[in-house]
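J.: sequence unavailable; structure follows:
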């Protein structure tokens with residue numbers, strides 16, 4: 001987040017929590033999204049790598065924010081179905097003993 005996007009209600013950018021992250025992180029992003037932008041995703045990924053965090057990011061071309069929203073024009077069925085598969089696999093890997 002840019003400095004001008006911070007506020008009393010949100011005084012810290014999400015990326016600033018990366019160092020203290022102690023759980024695996026899954027990110028599913030549309031490459032047409034504006035929040036976070038692909039550049040912000042790149043920056044977050046670099047920060048995760050810098051701190052040796054366990055994470056998995058997946059990106060979808062032709063998808064923006066809300067590509068899971070089946071009831072809106074934002075819905076991208078192929079990305080959403082792949083995203084659900086990635087979610088279930090991630091949970092299976094990190095939540096099952």
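T.: That came through fine. Only a predicted model underlies this, so the values are computations on that prediction, with no experimental measurement involved.

J.: what about the strands in this structure?
T.: Ranges of strands in the chain, per DSSP state E, are 25-30, 55-60.

J.: right, so those strands: which one is the most enclosed?
T.: Most buried of these, by mean neighbour count (mean count of other CB atoms under 10 Å): strand 25-30, with a mean of 19. Just so you know, the C-beta spots here come from the backbone N, C-alpha and C atoms, and that holds for glycine as well.

J.: quick check: can you name the pairing partners of that one and their directions?
T.: In the sheet, strand 25-30 lines up against strand 55-60 (parallel) (DSSP bridges).

J.: show residues contacting the partner strand.
T.: Applying CB atoms under 8 Å, 6 or more residues apart in numbering, the contact partners of strand 55-60 are 24-31, 38, 41, 45, 48, 67, 76, 79, 82-83, 86, 90.

J.: let me see the contact set for residue 38.
T.: Counting by CB under 8 Å, 6+ apart, residue 38 touches 29, 31, 59.

J.: just list whatever residues bridge to the last one.
T.: Translated: residue 59. Those that pair with residue 59 in a beta bridge, by DSSP bridges, are residue 29.

J.: distance of it from residue 93?
T.: Using CB to CB, to the nearest Å, residue 59 is found at 19 Å from residue 93.

J.: same deal with the first one?
T.: Look at residue 29 and residue 93: by CB to CB, they are 19 Å apart.

J.: so residue 1 touches residue 7, yeah?
T.: No. Look at residue 1 against residue 7 with CB atoms under 8 Å: they stay out of range, at 10.0 Å.

J.: no further queries at this time; thank you.
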